[in-house]
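Visitor: from the sequence below, what's the structure:
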Amino acid sequence: MNPALVPLKKYSISPKYIEIQRLAPYDVRGTDVPVVLDKMIHDIDILLFLVNSEVKNIDANGISILTDSIDIANARIRFKNGTIANLTSSRVAQDHVRKTKIFQQDLYITIDFLLGFKRDIPVLDRRT
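Guide: From the prediction side, this is the model:
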């Protein structure tokens, strides 16, 4: 399990919508494969950990900007339990971004994987 996900154990996770971003400035490393295989694949693993359901359908697109391969990709994944996820990966961004946002009934959780594991996950909860 990714260490950034460990604090999620104290919550009952039942997401309705998940947004995951993994953006990075251009680096020649990894450009021999599409950004989906270089970067997004890791976020798909996180998504499948968070959503306990089979995939219903996937809408995806990608474009080439600097290489002969896909440099920016977006996927909208719908699960049979109703959860919707939007994943974006880019290797032509200005800054590094690695964020996951989880929305569910009465709860919003955001994880910034670049901030390290020095603090708990910020949570907005209508019940508190």
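Visitor: do you know how far P3 is from K9?
Guide: With distances taken as CB to CB, to the nearest Å, P3 is found 12 Å from K9. Backbone N, C-alpha and C define where each C-beta goes, glycine included.
Visitor: quick one: terminal-to-terminal distance for stretch 95-114?
Guide: In stretch 95-114, first residue to last residue: 11 Å (CA to CA, to the nearest Å).
Visitor: alpha carbons only: can I get stretch 26-43 in CSV?
Guide: Extracted C-alpha coordinates of stretch 26-43, given in CSV (Å, rounded to 0.1, in the frame of the first residue of the first chain):
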residue,chain,number,x,y,z
TYR,A,26,9.2,17.3,-19.7
ASP,A,27,12.0,14.8,-19.1
VAL,A,28,13.3,12.5,-21.9
ARG,A,29,13.1,9.5,-19.5
GLY,A,30,10.0,7.5,-20.2
THR,A,31,9.2,9.1,-23.5
ASP,A,32,9.6,5.8,-25.4
VAL,A,33,6.1,4.8,-24.1
PRO,A,34,2.8,6.7,-23.9
VAL,A,35,2.2,8.8,-20.7
VAL,A,36,-0.5,6.3,-19.7
LEU,A,37,2.2,3.5,-19.3
ASP,A,38,4.8,5.9,-17.8
LYS,A,39,2.7,7.8,-15.3
MET,A,40,-1.1,7.0,-15.3
ILE,A,41,-0.6,3.3,-14.6
HIS,A,42,0.3,4.1,-11.0
ASP,A,43,-2.8,6.2,-10.6
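Visitor: tell me which residues are up against it.
Guide: Contacting residues not belonging to stretch 26-43 are listed as 20, 22, 24, 60, 62, 66-67, 69-73, 75, 87, 89-92, 100 [CB atoms under 8 Å, 6 or more residues apart in numbering].
Visitor: swap in 10 Å and give it another go.
Guide: Contact with stretch 26-43 is made by 2, 18, 20-24, 44, 47, 60, 62-75, 85, 87-93, 98, 100, 113, as judged by CB atoms under 10 Å, 6 or more residues apart in numbering.
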